[in-house]
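# Sequence and computational prediction follow.
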Amino acid sequence: MVTGGVFNIQRYSLHDGPGIRTTVFLKGCPLRCWWCHNPESQDSRTDIVHVSGRCVACGGCREVCPLHDPVFDRTADPEANRCIRCGQCVDACPTEARQYIGKESSDEQLLAELIKDEVFWDESGGGVTVSGGEPLAQPQFLLEILRALKRRGIHTAVDTSGFAPCEALLATVPFTDLYLYDIKLLDARRHELYTGVPNQLILDNLAALAQVHNNLWIRVPVIPGINDSPEELAAIARLARSLPAVRQVNLLPYHNTACHKFGRLGQTYGLPDVKTPGEPDMQAAARPFKELGLLTFSGG
């Protein structure tokens, strides 16, 4: 039995692979993308967040806190947060203003939860997508999940940034029907600036994966002012076209709905003023891909 950190299970997903899917989000990610939709996934540990709108300032959390100093407004001074994640404040809060993000699960427990949706997968041609965070940040847990699903004949997909040891990525190949492979930027300097990591490993892993697997979907978050220039998108299109294993491209419009999540975690959101691209913008972003004959979708 292998255990790992899980922070969400999203049912009836329609955009994470074919059919109706159940997407399981694992904790832990080495990237720090400015536009991250799931900042609560970045830390591999269980987080405790403060939902200020629910807080009635009863003081119960302060009474049970071993430090007698829980930070109510983590955005005011994140460095002042000395939380040891004991969870006593969560248990004491009468309004659920303090909440756990993530929990430990065994592969057997997770499988038992996932297969509750099996009837929907059978009827729609769906399955399970493992996302994150970065699922390959928990390579053994990911591998056990995929193995267990394949033993039951369930369609599997892995949504990955590709930033992981190549051997960990390739170990999943026998148990993965589809890879959703994220490409954010090809410009190396800008990639490191906006994600916190270089992109050479990501590109090398993509090339290696395309040699041994024939079902890849490239996913590109379209971020205005960062990766939506005609030059950058054309370069990503050429990369996708060069790999016969790439079956389609999904362009995902940026949105700032995760802004409040950063606040709850005591973090600053990097792109507060960036607007969601409109339909004409997404059509323009799709143009270089379609011109190269790539099956391209530009919805959310």
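Here it is on my side, so go on.
# quick one: what helix or strand has residue 99 in it?
According to DSSP states H and E, residue 99 maps onto strand 98-101.
# Sheet-wise, list the partners of that strand with their directions.
Partners of strand 98-101 in the sheet, by DSSP bridges, are strand 47-50 (antiparallel).
# for this structure, what spans make up the strands?
Using DSSP state E, the strands of the chain run over 3-13, 21-26, 47-50, 98-101, 103-106, 127-131, 155-160, 178-182, 216-222, 246-253, 296-297.
# Work out the gap between stretch 269-288 and the centre of the chain.
19 Å (CA atoms, centre = their mean, to the nearest Å).
# which parts of that stretch are buried?
269, 271, 274, 277, 281-282, 284-288 (16 or more other CB atoms under 10 Å). Yep, even glycine has a C-beta here, placed from its N, CA and C like the rest.
# shaky segments in the stretch 51-200 of the chain?
Within the stretch 51-200 of the chain, the segments meeting pLDDT under 70 span 68-82.
# hmm, back to that, and the strands of the chain, which is most packed in?
Of all the strands of the chain, strand 127-131 carries the top mean neighbour count, a mean of 26, counting by mean count of other CB atoms under 10 Å.
# Output the contacting helices and strands for it.
Secondary-structure packing of strand 127-131 (3 or more CB pairs under 8 Å, 6 or more residues apart in numbering; DSSP states H and E): strand 21-26, helix 139-151, strand 155-160.
# Who does it pair with, and is each partner parallel or antiparallel?
Its sheet considered, strand 127-131 pairs with strand 21-26 (parallel), strand 155-160 (parallel) by DSSP bridges.
# What are the contacting residues of the last one?
Contacts of strand 155-160 from elsewhere in the structure, counted by CB atoms under 8 Å, 6 or more residues apart in numbering, are 16-19, 21, 23, 121, 125-132, 134-136, 142, 146, 149-150, 169, 172, 175-182, 219.
# Quick check: residue 248 touching residue 296?
Yes. Proximity of residue 248 to residue 296 meets the contact threshold set by CB atoms under 8 Å, at 6.9 Å.
# Tell me if I'm right that residue 54 and residue 96 touch.
Yes. At 6.0 Å, residue 54 counts as touching residue 96 under the criterion of CB under 8 Å.
# Same drill for these two, tell me which one is more crowded.
residue 54 (13 against 10; other CB atoms under 10 Å).
# Distance check, that one against residue 97.
Distance, residue 54 to residue 97, by CB to CB, to the nearest Å: 4 Å.
# and what of residue 193?
According to CB to CB, residue 193 stands 35 Å off from residue 97.
# quick one, which of the two is more surrounded?
residue 97 (21 against 12).
# For the more buried one, list the residues it contacts.
Counted by CB under 8 Å, 6+ apart, residue 97 has contacts 50-56.
# same thing but 6 Å
Contact analysis of residue 97 by CB atoms under 6 Å, 6 or more residues apart in numbering lists 51, 54-55.
# Then residue 239?
By CB under 6 Å, 6+ apart, the contact set of residue 239 is empty.
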